[in-house]
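Visitor: Sequence first, predicted coordinates after that:
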Amino acid sequence: MSRIFSLITSLIFYSSEVVKSNVRVAADVLTPKHRMKPGIIAVDVEGMSDRQLLFMANFITMTPGTLGLTFSEDHRKLYIHAMYIDGDETALAEELENAYGRRVRSVF
């Protein structure tokens, strides 16, 4: 029952993230001034199984404004291209790890 609840809350979270990201990217595309600050960050995915890594990378890639690039050779880091790095790269990486990683771990 706990996994079903985790799955449902994760799907709601993911749906809201997709909507927010779509609005942000669309607003940036439609306005004359671009607010993009792209960069590549490394998200800690240490200890995840192959299935968890697959879903983590896919969830991040399917969210507009982010793209999973590759894993480190030891599968401890997931490198992501993000369109909006507003502040500290480390803070964004930790946010993605906590927001997505925690949910992926709880479902799988």
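Guide: Yep, that arrived.

Visitor: wait, what's in contact with residue 82?
Guide: The neighbours of residue 82, taking CB atoms under 8 Å, 6 or more residues apart in numbering as the test, are 38, 39, 40, 41, 65, 66, 67, 92. Yep, even glycine has a C-beta here, placed from its N, CA and C like the rest.

Visitor: Show me what the second one is bridged to.
Guide: Just to be clear, that refers to residue 39. Beta-bridge partners for residue 39, by DSSP bridges, are residue 82.

Visitor: Check what pLDDT the closest residue to residue 86 other than its chain neighbours gets.
Guide: Spatial nearest neighbour of residue 86, chain neighbours left out: residue 37 (6.5 Å); criterion: CB to CB, 6 or more residues apart in numbering. Reported pLDDT at residue 37 in the predicted model: 88.

Visitor: Phi and psi next, for residue 37.
Guide: Torsion angles at residue 37 (phi, psi; degrees, to the nearest 10) stand at phi -130, psi 80.

Visitor: wait, isn't it in contact with residue 84?
Guide: Yes: at 6.1 Å, residue 37 counts as touching residue 84 under the criterion of CB atoms under 8 Å.
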